[in-house]
Each structure stands twice: as C-alpha cells, then as structure tokens.
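Enquirer: Need coordinates for the following:
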Amino acid sequence: MTSRFVRWIAAGVAIAIAPAIGHAQQPPAATPAVTPALDFSGVVFGSYSYRTDSAAKAGLGGQNPNQFSVDRAYLTFRMPAGQNGAIRITTDIFQNTNTAQNAYYQGWAVRVKYAYVQYTGLKDAFGVGSSLLGRIGILHTVVIDHEEGFWPRYLQQTAIEKNGFFSSADAGVAAQLTLGSSASTPIGAATGTQRPSTWGEIYGTITNGPGYTSYEKDRFKDFALRVSLTPLANEAGLSPILRSFTISPWFYKGAVGSGFAAGGAGQVGPGTNGAITDGLTRDRYGVFVGLKERRLTAGAEFAQRKDESETGGNTTASPRVVHDSTGRVIDGFVIARPIEWFDASQRSPFSVVARWDRYTPNTSPSSANYGGATPSYNFYVLGASYDLTQRMTFTFDYQNQSPTDFPPASGTNVRPTPQQTTLFLHFNVAF
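Expert: Residues are numbered from 1 along each chain as shown. You can find the predicted model right below:
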C-alpha cells in the first residue's frame with residue numbers, strides 16, 4: 001500500500017466523520033420558550049324590535065316604529081400573568097345614541113367593560129375547592145354579574161341595573177373567597193370521577209362609584225359585600241335543581257359629593273355658607289335567591305335603595321336642604337324547558353321565559369315629587385326560545401312596562417309616564 005493511497009483513505013475518513021464531530025462539539029439546542037396561551041372569547045347579541053304602544057306611534061302618524069339592532073358585542077381576552085396570576089380585558093362595543101356626542105362619534109363605539117389583574121392564592125386552604133383571589137382594575141360590581149349567571153342578559157338588564165341602583169362594572173379593587181367543602185360530588189357514576197363541591201363564595205369590592213361608563217366625579221369610594229351560599233350543594237340525595245339553590249344577601253354602602261363641595265364657586269344668591277365636604281348617602285341592599293339547572297332556572301330578589309339629594313343655593317337667602325328618598329325593587333323570573341321535565345335525557349332546544357319586576361321610585365307617601373302617592377312601574381317579559389346550536393339562541397318575546405298610581409300632570413288628566421309595549425326577536429351568540 002503506497003503512502004499516497006494511505007493519505008487518500010485518511011482524508012476520506014476525516015470527511016465522513018467531520019459532521020458528527022462538529023455536531024458533538026456544538027451545545028444542545030435551547031428549548032423553545034413557551035408562549036402563554038391567549039384565551040379569546042366573546043358574546044354578540046341584538047334584536048329586531050316592534051313597538052305597539054300608542055305613545056310610540058304618536059310621533060309617527062300612528063305607524064309602528066321598528067328597528068334592527070346589535071345591542072352589544074363583548075370581546076374578552078384572557079392570559080396568564082405568571083404563576084397564579086392572570087389578566088382579563090373585555091371590550092364593550094355599543095351603538096352611540098348620545099345626541100350630544102354623535103356629531104363627533106357617530107355609529108358604533110368601543111369602551112372597556114372589564115380590565116383587571118387577578119391573583120389567586122390559598123388554594124384548598126379552607127377546604128377542597130377553596131381559594132382566595134384578588135383583583136384590581138375595572139371589575140365586576142357586587143351582585144349584577146352573579147345574577148346574570150341565572151338571568152340571560154341579552155333579553156334585558158337585571159332589575160337592579162335596569163332601575164339604576166348601580167352599574168355592572170366599576171374601577172376599584174375586589175376580593176373573592178370561594179368556600180370549599182370536605183366532600184366531593186360525583187360527576188358521573190360511569191367514570192367515577194369527582195369534582196369539589198363548594199359552599200359558595202364571599203365577594204367584596206371598593207370602587208369609585210359612578211360605574212365603568214363614567215369618570216370618577218368626587219373623592220368618595222363605595223364599599224360592597226355579597227355572601228352567596230349553596231347550603232344544599234353536598235346533599236347527594238336531592239335533585240340537581242334543589243342542590244343548585246343559592247341565597248345571596250348583599251349590601252352596598254356609597255356616597256356622592258355635594259354640588260357645593262367647592263365652597264363659594266357656583267353659589268346662587270348673596271352670601272355663602274361655605275364648602276360642603278360631607279357626602280350624600282347612596283346606600284343599597286338586598287337578597288337574591290336562585291335555582292340553576294338546565295331544566296329549570298329561576299330567581300327572585302328584594303332590593304332597596306336610599307339616596308340623599310339637595311336643594312337650595314347654600315346661601316343665607318337660600319339655605320341648602322337635604323332630602324331623603326327610598327326606592328324598592330321586587331322581581332322574579334323563570335326559565336324552563338318543559339319537554340325535559342318528562343325525560344331529562346332528551347335534550348330539548350325549546351325553552352320558555354317569564355319575568356316580573358315592580359319598581360317603586362319612592363316608598364314614602366309623603367314624597368312631594370308624586371303628590372303624596374307611591375307610584376310604581378310594573379315590567380313584564382314573556383317569551384319562547386330556540387337553541388339553533390349549543391352557542392346560538394333566538395328568542396321571541398313580549399316586553400311591557402306599565403306605570404301605576406302616577407298622579408296626572410298639574411292641571412291635566414295626562415299621566416306623565418305612558419305604557420311601553422314592544423315585541424322582540426332577540427338573538428344571542430357566544431364563541
């Protein structure tokens with residue numbers, strides 16, 4: 001074997017093993033970074049409405065006003081923010097009907113409904129399934145979101161929101177304690193799997209007060225607390241409908257600033273009595289009870305509000321006078337799937353819905369605003385729904401608001417608040 005031939009063999013071997021040697025000398029490839037998952041979801045709902053009451057037709061020569069409308073489009077973005085941390089942002093897309101703003105912001109507008117950071121800790125510290133979470137940002141107020149777990153928001157706001165008790169969201173801080181239990185409720189006998197069954201939750205907030213659609217208008221903050229208990233949740237011998245029974249007492253302690261907080265600014269008449277730095281009472285409280293199961297969902301509520309208002313010019317000639325008023329709401333609703341009552345295994349797309357509210361703006365017969373009367377508004381919803389898919393529902397419903405006991409306008413026989421009657425075809429799509 002010649003030396004030249006040996007050199008050719010050595011060169012060939014070197015070329016063959018060079019990639020393997022180079023690969024062995026390189027550091028191992030870094031593990032790709034894991035990007036936190038973005039959870040995107042949303043709800044779109046709207047309606048076709050047809051007014052039938054005489055007051056609505058009066059301005060159209062006796063013709064019925066009607067319209068197609070997309071009432072809301074909520075787009076929700078959720079993402080983890082480290083271990084036990086999370087963020088949520090929900091946009092509220094709505095039609096701007098404010099005539100003062102339409103010159104600049106016509107058509108549809110976008111605002112933030114929820115935008116908060118959340119941290120969850122103390123998992124299972126108070127029993128199986130328990131936890132304590134904190135939130136800061138624009139978040140759920142004390143009870144409206146809880147009630148919307150029973151009542152479908154796309155048909156109408158809950159009674160307390162509809163009648164102006166407070167907004168469904170506001171800027172502030174919140175804490176929620178989920179009450180665990182020592183037992184677990186079976187999901188299904190076939191799998192033998194278990195899930196924790198809790199006794200309920202405690203939810204408290206400190207918020208600005210005006211709601212998510214407004215800026216903060218004064219220095220006062222509102223405090224609220226709700227306790228939701230499910231005392232029958234662990235009773236395996238009861239039907240699922242009864243086990244879902246929830247009772248939720250709540251209260252809301254608030255205040256608004258006086259119109260004379262700035263002292264002499266804006267005073268009327270000679271002289272001044274100085275700045276009014278105390279807040280005007282804005283308190284609410286109530287109790288909600290509910291059942292929630294596919295075959296039957298129902299709820300009832302009693303709620304009361306107390307508000308202070310002021311008149312006068314805060315001057316020597318026109319002293320400031322504070323007035324109290326107390327309003328009340330009583331409401332109840334039922335959503336049922338009658339076909340499934342006879343055979344729970346046969347899932348039916350049909351359901352019926354009914355609701356009644358009674359709102360009394362001022363429960364005091366001595367109120368000067370109503371001439372010593374105690375007028376009320378009765379509100380009714382009657383409808384039938386069809387689930388086109390698991391996430392798409394259409395409802396044909398009748399809604400009526402009828403005022404009672406309102407005194408006629410001075411010197412006339414005309415009631416100041418006429419009846420309103422509307423036929424709707426509502427739709428609701430979740431994705």
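Enquirer: Every contact and neighbour count from this point should use C-alpha atoms.
Expert: Will do.
Enquirer: How about the secondary structure of the residue nearest to the spatial centre of the chain?
Expert: With distances taken as CA atoms, centre = their mean, residue 145 lies nearest the centre of the chain, 3.4 Å away. In three-state terms, and counting by DSSP: H, G, I helix; E, B strand; the rest coil, residue 145 is helix.
Enquirer: Can you name the residues that contact it?
Expert: Each residue near residue 145 by CA atoms under 8 Å, 6 or more residues apart in numbering is listed here: residue 168.
Enquirer: And the pLDDT for it?
Expert: What the model reports as pLDDT for residue 145 is 97.
Enquirer: got it, and the one 3 residues further on?
Expert: Taken from the predicted model, the pLDDT recorded for residue 148 is 97.
Enquirer: Now for it, how many residues are close by?
Expert: By the measure other CA atoms under 10 Å, the count of residues near residue 148 is 14.
Enquirer: How much space separates it from residue 234?
Expert: 24 Å (CA to CA, to the nearest Å).
Enquirer: wouldn't residue 39 be in contact with residue 75 here?
Expert: No: taking contacts as CA atoms under 8 Å, residue 39 lies outside contact range of residue 75: 10.7 Å.
Enquirer: Please say which of those two ends up with more neighbours.
Expert: Higher neighbour count among residue 39 and residue 75: residue 75, with 19 against 11, using other CA under 10 Å.
Enquirer: ends of stretch 207-224, how far apart?
Expert: The first-to-last residue distance of stretch 207-224 comes to 8 Å (CA to CA).
Enquirer: and for that stretch, what are the contacting residues?
Expert: If you take CA under 8 Å, 6+ apart as the criterion, stretch 207-224 is touched by 111-113, 138, 142, 166-173, 204-206, 250-257, 279.
Enquirer: Can you give me the buried ones in that stretch?
Expert: 207, 208, 209, 210, 211, 212, 216, 220, 221, 222, 223, 224 (16 or more other CA atoms under 10 Å).
Enquirer: what about residue 284, how many neighbours?
Expert: When neighbours are counted by other CA under 10 Å, residue 284 registers 22.
Enquirer: same thing with the one 4 residues further on?
Expert: Other residues within reach of residue 288 by the criterion other CA under 10 Å amount to 20.
Enquirer: same check, this time on the one 10 residues further on
Expert: One way to gauge burial is a neighbour count; for residue 298, by other CA under 10 Å, it gives 21.
Enquirer: ok so, going back, just the buried ones from the contacts of stretch 207-224, in PyMOL syntax?
Expert: Of the contacts of stretch 207-224, the buried ones go into a single PyMOL selection, burial set by 16+ other CA under 10 Å:
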select buried, resi 112+113+138+142+166+167+168+169+170+171+172+173+204+205+206+250+251+252+253+254+255+256+257+279
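Enquirer: In strands only, show me the contacts of stretch 207-224.
Expert: Among the contacts of stretch 207-224, the residues falling in strands (DSSP state E) are 111-113, 138, 169-173, 204-206, 250-257, 279.
Enquirer: Show me where the stretch 51-200 of the chain has its helices.
Expert: 54-58, 144-147, 159-162 (DSSP state H, counting those that start in this stretch).
Enquirer: Can you spell out which helices and strands pack onto the last one?
Expert: Packed against helix 159-162, as judged by 3 or more CA pairs under 8 Å, 6 or more residues apart in numbering; DSSP states H and E, are the following elements: strand 321-336.
Enquirer: for the following helix or strand past the strand it packs on, which positions count as buried?
Expert: Going down the chain from strand 321-336, the next helix or strand is helix 338-342, by DSSP states H and E. Under the neighbour-count criterion of 16+ other CA under 10 Å, helix 338-342 has residue 340 buried.
Enquirer: pLDDT below threshold where in the protein?
Expert: 1-36, 99-106, 182-197, 263-272, 365-372, 409-416 (pLDDT under 70).
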